[in-house]
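Chemist: sequence isn't available, so here's the structure alone:
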């Protein structure tokens with residue numbers, strides 16, 4: 001495994017330094033301090049490596065990634081429905097992680113170049129979402145002009161205040177199955193591949209990719225003509 005290889009390299013460095021530099025050149029104070037520093041760093045690396053070995057998700061043959069979080073419920077995707085769902089579940093005392101592929105919330109607003117919504121579209125939205133959006137903008141005739149900053153910061157505050165954990169820039173790229181359920185979801189982020197384990201996974205991605213990886217049967221829907229979806233009824 002990667003961790004074992006890493007420990008081997010660290011110990012090899014100590015051996016070479018102690019055998020070739022310090023032992024051969026004498027025991028100067030600087031050399032002794034260098035050895036002590038290297039030994040301490042190597043021991044710390046070894047401890048971290050041992051801990052990592054027990055907290056990794058085996059995703060495919062020969063591949064393991066670090067598990068960065070464990071939760072009762074993992075919500076993958078950060079649309080309005082998913083964000084409010086994460087807040088509601090966390091408010092009931094469960095450990096919730098929301099993994100957003102974007103760097104701000106929600107995904108519908110992030111990808112929208114025109115931050116306004118026809119007020120008629122709010123009629124089908126759940127009251128909780130409708131009230132929140134109205135508080136983040138101003139109504140001008142038949143349009144609700146949204147403040148992107150108010151929406152993003154307001155939604156983030158709601159999620160964090162509920163006790164949920166929020167991760168940004170997390171792009172789902174695979175799942176680990178345990179029998180017939182998803183045990184962990186693998187994400188690509190700036191730090192590489194990471195995994196989040198959960199007792200339940202809610203797929204709020206735009207293309208239901210997590211559900212597809214888990215083997216669920218999907219029904220295609222022509223949703224492009226519907227425009228911005230503000231609720232499950234859409």
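Modeler: All right, it came through fine. Predicted model only: the values in this text are computed from it and were never measured.
Chemist: may I see the domains of this protein written out as residue ranges?
Modeler: 2-54, 64-112+151-226 (automatic domain parsing).
Chemist: which of those has the lowest mean pLDDT?
Modeler: Ranked by mean pLDDT, the domains of the chain end with domain 2-54 at the bottom, a mean of 43.
Chemist: which residues touch stretch 161-173?
Modeler: Stretch 161-173 has contacts (CB atoms under 8 Å, 6 or more residues apart in numbering) with 69, 71, 76, 86-91, 95-104, 156, 159-160, 185-190, 193-194, 196, 205, 209-210. (Each C-beta comes from the backbone N, C-alpha and C, glycine too.)
Chemist: quote the end-to-end distance of stretch 197-210.
Modeler: With CA to CA, to the nearest Å as the measure, stretch 197-210 spans 14 Å from end to end.
Chemist: what's residue 212 sitting at in phi/psi?
Modeler: Main-chain dihedrals, residue 212, degrees, to the nearest 10: phi -70, psi -40.
Chemist: who's in contact with the closest residue to it other than its chain neighbours?
Modeler: Sequence neighbours aside, residue 218 is the residue nearest to residue 212 in space, at 6.0 Å (criterion: CB to CB, 6 or more residues apart in numbering). By CB under 8 Å, 6+ apart, the residues touching residue 218 are 208, 211-212.
Chemist: okay, residue 135 and residue 151: tell me how far apart.
Modeler: Distance, residue 135 to residue 151, by CB to CB, to the nearest Å: 9 Å.
Chemist: meant to ask about residue 103
Modeler: Distance, residue 103 to residue 151, by CB to CB: 14 Å.
Chemist: higher neighbour count, these two?
Modeler: residue 151 (23 against 9; other CB atoms under 10 Å).
Chemist: and which of the contacts of residue 218 is nearest to residue 118?
Modeler: Nearest to residue 118 out of the contacts of residue 218 is residue 208 (CB to CB; 26.2 Å).
Chemist: give the buried residues for the host helix or strand of residue 159.
Modeler: Assessed by DSSP states H and E, residue 159 sits inside helix 148-161. Within helix 148-161, the residues scored as buried using 16 or more other CB atoms under 10 Å are 151-152, 154-156, 158-159.
Chemist: what does stretch 137-154 contact?
Modeler: Contacts of stretch 137-154 (CB under 8 Å, 6+ apart): 104-106, 109, 115-120, 122, 132-136.
Chemist: and the buried ones among those residues, selectable in PyMOL?
Modeler: To isolate the buried ones among the contacts of stretch 137-154 in PyMOL, judged by 16+ other CB under 10 Å, type:
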select buried, resi 104+105+106+109+117+119+122+132+133+136
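Chemist: can you name the two of the contacts of stretch 137-154 that are farthest apart?
Modeler: Largest separation among these by CB to CB: 104 and 120, giving 26.2 Å.
Chemist: could you pull out the strands for this protein?
Modeler: Along the chain, counting by DSSP state E, strands occupy 56-60, 63-76, 96-99, 116-118, 137-140, 143-146, 165-167, 171-178, 181-189, 192-203.
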